[in-house]
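Asker: 3D, please:
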Amino acid sequence: QVQLVESGGGLVQAGGSLRLSCAASGRTFSNYAMAWFRQAPGKEREFVAWSGAGTLYANSVKGRFTISRDNAKNTMYLQMNSLKPEDTAVYYCAKHSGRPGMVVALPSSYDYWGQGTQVTVSS
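Answerer: Below is the predicted model:
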């Protein structure tokens, strides 16, 4: 079993910054790939960023968001800069299943999820 707990969300003005954290427990954190997703009201959950052998970003956040992890602390981060109102969503961290061929940008490729943290960007 893996437990994931997000924190760091909040209300920020457009152009501001937030740093999200995802604390993991239950298995050796460094052994698996992780990702951030987000879901806005009325929309499907969408991929934001991935950390595995390297990093990947959705085009909508590239250059503004940075994913990182501290394996010693079993924690993953998402530094979000230059925030826009369209970044408003519940942000989730997730553990990749590790099964071969699973596309990193698809929610179905992940087997454990956190409860989410709300990010609201005002204009």
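Asker: host element of the most centrally placed residue in the chain?
Answerer: Closest to where the C-alpha atoms of the chain average out (Cα atoms, centre = their mean) is Trp36, at 1.8 Å. Using DSSP states H and E, Trp36 sits in strand 34-39.
Asker: what residues does the next helix or strand after that strand touch?
Answerer: The first helix or strand that comes after strand 34-39 along the chain, using DSSP H and E, is strand 46-51. Residues from elsewhere that reach strand 46-51 (Cβ atoms under 8 Å, 6 or more residues apart in numbering): 33-39, 55-58, 61, 65-69, 76, 78, 91, 96, 104-107. Quick note: C-beta positions are derived from backbone N, CA and C, even for glycine.
Asker: report the distance from strand 46-51 to the chain centre.
Answerer: Remark: strand 46-51 is offset 6 Å from the chain centroid, using Cα atoms, centre = their mean, to the nearest Å.
Asker: how about the strands in the chain?
Answerer: Secondary structure of the chain by DSSP state E: the strands cover 3-7, 10-13, 18-25, 34-39, 46-51, 55-57, 65-70, 75-80, 89-96, 110-113, 117-122.
Asker: sorry, back to before: distance between the strand holding Trp36 and the chain's centre?
Answerer: Relative to its parent chain, strand 34-39 has a centroid offset of 4 Å by Cα atoms, centre = their mean.
Asker: stretch 94-110 now?
Answerer: When C-alpha coordinates are averaged (Cα atoms, centre = their mean), stretch 94-110 and its chain have centres 13 Å apart.
Asker: ends of that stretch, how far apart?
Answerer: By Cα to Cα, to the nearest Å, the extent of stretch 94-110 from end to end equals 6 Å.
Asker: so which bits of that stretch are buried?
Answerer: By neighbour count with 16 or more other Cβ atoms under 10 Å, stretch 94-110 contains the buried residues 94-96, 107, 109-110.
Asker: and the residue lying closest to Gln1 once chain neighbours are set aside, how close does it get to Asp111?
Answerer: Counting by Cβ to Cβ, 6 or more residues apart in numbering, Gln1 lies nearest to Gly26, which is 4.9 Å off, once chain neighbours are set aside. Distance from Gly26 to Asp111, counting by Cβ to Cβ, to the nearest Å: 12 Å.
Asker: having no further points to raise, I will conclude here.
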